[in-house]
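Student: I need the structure of the sequence given here:
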Amino acid sequence: MEPTSIVSRRQGIVFIISAPSGAGKTTLIKGLLKRFPEMALSVSYTTRLRRAGEANGRDYRFITPGRFSTMRSARAFAEWAGVHGYLYGTPRAPLERAIRSGRDMLLDIDVQGARKIKRQYPAAVSIFVLPPSWRELEKRLALRGTDRRETIRKRLANARREIRAIMRYDYFVVNRELKIALESLQAVVRAERLRVSRLSASK
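Tutor: Just a heads-up that it's a prediction; the model follows:
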């Protein structure tokens, strides 16, 4: 048996990335997927309205609250949560397929969802993206031009609560400079792929 055949039998790794709104998570995820095109991105379901520039099936799967309720009752979500007045859910089937096939899966979810995924998939790797400062986070939220001042204040308050959960995560990345933050994420992915302990669960 060739030594590398052992590695080819490993299960897929679930990578979780969480961050407060405005921390630059979406940009980092896009950059990470360019560097690791073999990695799959989990597309969440949501009941919120589609924003300008978003595409159904690419950014999210936009559905009605009624359909969300039906899917939730059918246990179609690996996790679901209410965020800013809307519902978000991670589909279970694509996640299970990726793990079985040895393909790594990237999840863009909040701290509630991350906690639920880690309970179901203890080997999942969780990463929290931090803004460099509160002032910078507020500036980024304002520059997006999609939220009113009241909404920005709510997001900042939520960010303070979310950051308190950082000790439950495996890694953190400070997004001060995009290039450096992206390099840190790449290092996490490469290191986790080289863990010998992940080979023991392979068939």
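Student: low-confidence ranges, this protein, go.
Tutor: 1-9, 142, 144-147, 200-203 (pLDDT under 70).
Student: isn't residue 117 up against residue 77?
Tutor: No. With contact defined as Cβ atoms under 8 Å, residue 117 does not count as touching residue 77 (10.6 Å). For the C-beta atoms, the positions are set from N, CA and C on the backbone; glycine is no exception.
Student: who touches both of the two?
Tutor: residue 90 (Cβ atoms under 8 Å, 6 or more residues apart in numbering).
Student: what's the neighbour count on residue 63?
Tutor: 17 (other Cβ atoms under 10 Å).
Student: correct me if wrong: it contacts residue 48.
Tutor: No. Contact criterion Cβ under 8 Å: residue 63 and residue 48 do not qualify, at 10.1 Å.
Student: nearest residue to the middle of the protein?
Tutor: Nearest to the mean C-alpha position of the chain, by Cα atoms, centre = their mean, lies residue 108 at 1.9 Å.
Student: could you pull up phi and psi at that one?
Tutor: The phi/psi pair for residue 108 (degrees, to the nearest 10) reads phi -100, psi 90.
Student: check the gap between the spatially closest residue to residue 98 that is not a sequence neighbour and residue 86 for me.
Tutor: Nearest non-adjacent residue to residue 98, counting by Cβ to Cβ, 6 or more residues apart in numbering: residue 105, 4.1 Å away. Per Cβ to Cβ, to the nearest Å, residue 105 is found 23 Å from residue 86.
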